[in-house]
Every structure is written in structure tokens, then in C-alpha cells.
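Undergrad: no sequence for this one, just the structure:
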């Protein structure tokens, strides 16, 4: 009996070890196969078709692995690095083995117009190199069609759609509702065009906000239409008529958007996906992800190096992953660049609506040290480089932007809600206690501010604004008075910013790199481009994703906040996270509680197409 039991357990132990070993080696083999599959670079045959299938929204940075994983969990949109698409298209334009390019735009999520213009220029370069370029989609958005219009042939699905909805700047205004519920917002700002505060104090757009918004929206819309008109051999007026008369045009074509688009010369063929793909050739093909690795491996190191630093997102204190501009993260990057003798010049590629004053100043000082070390600094503005982003840009030798870049917004504001009357009237909650100075409750949203408190915050805002104007004046070689006329919190299109002397010239990232090479004496010589971004650190990603949950439970002063106070503070933060009209950015009130003043607003994209 004992022998039988012993034999059973022995057999069980052997089976257990076999299963564990099989699982172990299975995982090892799977990892090796996955690595080889994703890093294998195939040989390209003559007459190969390059298939580009971008999925998601275009951004300037490479998302971190941790950030991508966390985005998947939170169902955020997939992100496509602009540099990746441009690298692939540029390589294809000079690759003799690539005979055609097929661009599948069905899953393209759009992006800022300036980014779309850079992609479209790269597509046109491939076409002008004599390659066949086919663009296809079953539903063209304004963003995907802008790119498609620069291809050699535009194809749409028989059930597809192509409609121009235009650009807009609408938002909800809470002034009347907040008055009804007795919630006040204390606003401290500089400039008539500081529209970020208007939704909390008004019932509609001010004339200043309407003036600025209508100007830059019309500028962008004009650039969008003219870019398409030139490539499709149409006039801007014809495109405007198509956009405004779309309902009647659609009714004349039995509700077929594809048929209407073809008759109006916006597409060349109506076809299903499989037939459209054959237009690029029925020979060998290569996916753009594989081709990108091949293009990367072709880059030859040069004698000198130009550093391209990509900064996208809100400007805040601390260390942050890609997609956010952490002051500590970027001061570390610029300190390393300053000390690196191999780097001859720097290009700062910035895509941000701004953020905190002190965080912006920390980064600006670090960038200025790069200049002081003798290395030229060129700023390349992406879709938006406003407020705090412009603050940082003042530490440069030259600023380049696209005509559709939104920049300026030179101004400062602070906002603090007052829930005291609301709390007293509805839940019947009052706040009382003792403070050692008249300013002890300065940042409490459950207590009203005194006139002296308001004076302190307005003086703080005025001081930061004066300093901002001095930075603009000294860096742009204009008087403080001239800087003031371009400031006041007004947002400008890149085209108008050039007229206000806020930027030096129009151009994309490649133009900025060429200018940096010229300024450091590398023009006409071999030089390498080294890219720097925020640290790809999963610990940072995790910490920042969950930090907001921890903040509500932390003590706000030496005696600690009650649970109710913590919830109240969080409610105030949520209130201030409502975005700027027409923009996807936000302003965190956490800095206000720490005595920080925000430089206008934060955000990554103003207008997404």
C-alpha cells in the first residue's frame, strides 16, 4: 500500500516537472519568435509596394511602452509618432526598389493641421519622385483627406463619405449656472484676450475672444482649403461651395457621398479596398512598420551631432513620461546636452499649450544654459506652442513654425473657486477656525477671499506677466511696448505671429534641423541627428497615472485636511479641469493650492482634424 502511494506521488512529481519545463521553454520560444518577428528586416525586391496603414492620432513623440499599456487599459486612442511617418516616406522617395506607396487611411485618427501639412509634403515628395501613390479610405475625415489630396490617386469606397465640416470653437459657459448655485470664481488675469476664464464667469464668448478665435480659425481653414485646391486643381471657392452646399449636392447624387466627391473632382476612383490596393501593383509588398526599421538602419553617423528634443503636453513640475513636459525631466535632458561635447546644436520640437510659470521657467533656464555653452538652439513649433511653451521658446536663437501653428498667448492668469455660499445654503456647511496670519486661508475654496488676498494674487500675476514681456522683448529684439501689442493673452496663427515678430520664419522640423546645422557650421557636411524625449520609465508612468488618487488623501496643511475638505478640494480641481474653449487642454488647480500661478492654460492640441 505504501509502495503504491509512493509511486503515485513520484509519477505526479515527474508530471509536474515536465509541465513546468514545457511552460518555461514555451515562454522562452514564444519570446524569441516574437522578438525575431518584430525585428526581422526583410530584403526588398525591385518593384515593391510600400503599404502605410497609420492607426490613431499623430503626435510628436514616441509613446512609452508603459504609457501605451496604460492607454490600452484606459481605452485612450492609439498614438502615431510624426517622425515615424516622415522617416518612412522620405526613405521611400529615394528608394529605387519601392515602386509604389499605398496609404490606407481608414483608421487614421487625425492630428493638428501643421502635422498633417508635414505629412502631406512628404507624400508629395514621394509622388514627385515618380512613384505611384494611392490613398484609400471608406470614410474620409478632414484630416485624412488633406493627406490623401496630395497623393497621385484618391480612391473612396462605394459607401464611403467625404464631407467638409469646417473648424469651430464652441464650449459650454457656466456663469449663469454658477451664479444660480452661488459658486463664485475669483479670476486674476492680464490681457483682454485671456479667454480661458470666460466659461466660469460669463454666459457667452466675449468680443475679444470672438475676434481672436474667428481670426485664427479662418486662417487655418484658408490654409486647409488652399492646400487641397492646389493639389486637386480646384479653386478655394469651389471647395467652399462644396462644403456649404453639401446637403443639396448629396441629394442630387441619390445620397451617395462617394459619387458626389468624384463628380466634384475630390476623388479619382470609387472602389472597394481589395481592388484599390491592386492599383499599387500586384507584386511584392512591405508593411510600413517593417520598412521603418529598415529606414532607421540606413542612417549613417556623421562627424557632428544635432540633438532634437521633443517636448509635448502640459508643462508641470517634476519627472513625467512622454506626452507630458516635466520640468525636472527636461532640465536633466538639457544639462546632459550642455555637457555632451559631441552635440553641436539643439532643436527643440515643442507641442504644448502651456502650463505652470515656475515649471516653464525652470526649463527655459536650462535651455538658456545650452545656448550659453555655445550651442545654437532652434525652436520648431508644432501644432501649438503657446503661453508656457512660448515662454520656454524665448531661450532660442531662432523660432520656426508652420502657417497653421497656433502660438503666442503671451499672458498669465490664476483662478480660484469660492464654494462658501454654496456650502452654507445647500448642505448647510460652514467653515471656521484660526489662522496665524490674515492670509492663512488664501487657497481654501470653502472660504471667501479678502480684498488683500485678491490684491496679492493679482500682483503676483502682474509680476509674472511683466517678466514674460521682458523675455519676449529681449529674445525677439523688440521693445516691451511692441511685445505688449502682440501679447495680452491673444492666440495667433503662425502666419500672423511672423508679422508680429514672434517667430522668424515658416518651416517644419526638417527645416529647423537644417537651420541648426547652418548655425553650428555643419551645413553641407555629414551630421547625425540624435533624438531626445522624456524618459521611457514605467515607474514614472504608473506614479503619475495614480498620483491624482493619492493627492485627495494627503494633508493640505500642518494640521491635516478633513475628509470633507479633501473632497471639496478635489471638486475644485475638477471644476478647473474643464477645458479652454475649442481646446482639449486643462489647467490644474493643484498649483494654485501650492501658491503657483498658471501661465494661461495647458493642453496639447487646439484644433484636431
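TA: That came through, no problem. Here the structure is a predicted model, which means the values were calculated and not measured.
Undergrad: pLDDT wise, what is residue 18 at?
TA: According to the prediction, residue 18 has pLDDT 75.
Undergrad: list the contacts of it.
TA: By CB atoms under 8 Å, 6 or more residues apart in numbering, the contact list for residue 18 is empty. Backbone N, C-alpha and C define where each C-beta goes, glycine included.
Undergrad: distance of it relative to residue 28?
TA: As judged by CB to CB, to the nearest Å, residue 18 and residue 28 stand 16 Å apart.
Undergrad: cool, and residue 262?
TA: Taken as CB to CB, the span from residue 262 to residue 28 is 54 Å.
Undergrad: tell me which of the two has more neighbours.
TA: Legend: neighbour count by other CB atoms under 10 Å for residue 262 and residue 28, higher for residue 262 (19 against 10).
Undergrad: doesn't that one fall inside a helix?
TA: Yes - using DSSP: H, G, I helix; E, B strand; the rest coil, the assignment for residue 262 is a helix.
Undergrad: which one is it nearest to, not counting chain neighbours?
TA: Nearest-residue entry for residue 262: residue 270, 5.8 Å, with adjacent residues in sequence omitted and distances by CB to CB, 6 or more residues apart in numbering.
Undergrad: measure the one you found to residue 255 for me?
TA: Residue 270 sits 14 Å away from residue 255, taking CB to CB as the criterion.
Undergrad: of these two, who's got more company?
TA: When neighbours are counted by other CB under 10 Å, residue 270 and residue 255 differ, and residue 270 comes out ahead with 18 against 9.
Undergrad: do I have it right that that one meets residue 155?
TA: Yes - applying CB atoms under 8 Å as the test, residue 270 and residue 155 come out as touching, 7.4 Å apart.
Undergrad: so residue 528, which of the three states?
TA: Residue 528 - assigned by three-state DSSP - is strand.
Undergrad: bridged to it, which residues?
TA: Note on residue 528: beta-bridge partners residue 305, judged by DSSP bridges.
Undergrad: where in this protein is the helix or strand with the lowest mean pLDDT?
TA: Using mean pLDDT, DSSP states H and E, helix 590-593 stands out as the lowest-scoring helix or strand of the chain, at a mean of 31.
Undergrad: mind showing which ranges of the protein have poor pLDDT?
TA: Scanning the chain for pLDDT under 70 picks out 1-9, 11-13, 16-17, 24-27, 29-42, 64-77, 299-301, 524, 536-609.
Undergrad: and the helices in the stretch 1-150 of the chain?
TA: Ranges of helices in the stretch 1-150 of the chain, per DSSP state H, counting those that start in this stretch, are 2-39, 65-74, 82-94, 113-128, 142-148.
Undergrad: same for the following helix or strand past the last one, what does it pack against?
TA: If I follow you right, that is helix 142-148. Scanning forward in sequence from helix 142-148 by DSSP states H and E, the next helix or strand is strand 153-162. Counting contacts by 3 or more CB pairs under 8 Å, 6 or more residues apart in numbering; DSSP states H and E, strand 153-162 packs against strand 132-140, helix 142-148, helix 257-263, strand 269-270.
Undergrad: list the buried residues in whichever helix or strand comes after strand 153-162.
TA: Remark: after strand 153-162, the chain's next helix or strand is helix 175-180, criterion DSSP H and E. In terms of neighbour count (16 or more other CB atoms under 10 Å), helix 175-180 has its buried residues at residue 178.
Undergrad: so how far is helix 175-180 off the chain centroid?
TA: In terms of CA atoms, centre = their mean, to the nearest Å, the centre of helix 175-180 is set 32 Å apart from its chain centre.
Undergrad: list of residues touching that helix?
TA: Identification of contacts with helix 175-180 by CB under 8 Å, 6+ apart yields 184, 185, 199, 200, 201, 202, 203.
Undergrad: buried stuff in stretch 442-455?
TA: Using 16+ other CB under 10 Å as the test for burial, stretch 442-455 gives 442, 443, 444, 445, 446, 447, 449, 453.
Undergrad: swap in stretch 352-370?
TA: Buried residues in stretch 352-370, counting neighbours by 16+ other CB under 10 Å, are found at 352-364, 366-370.
Undergrad: likewise stretch 262-282?
TA: Across stretch 262-282, burial judged by 16+ other CB under 10 Å covers 262, 264, 266, 267, 268, 270, 271, 276, 277, 279, 280, 281.
Undergrad: same deal with stretch 464-480?
TA: So for stretch 464-480, counting by 16+ other CB under 10 Å, buried means 464, 465, 468, 469, 471, 472, 473, 475, 476, 478.
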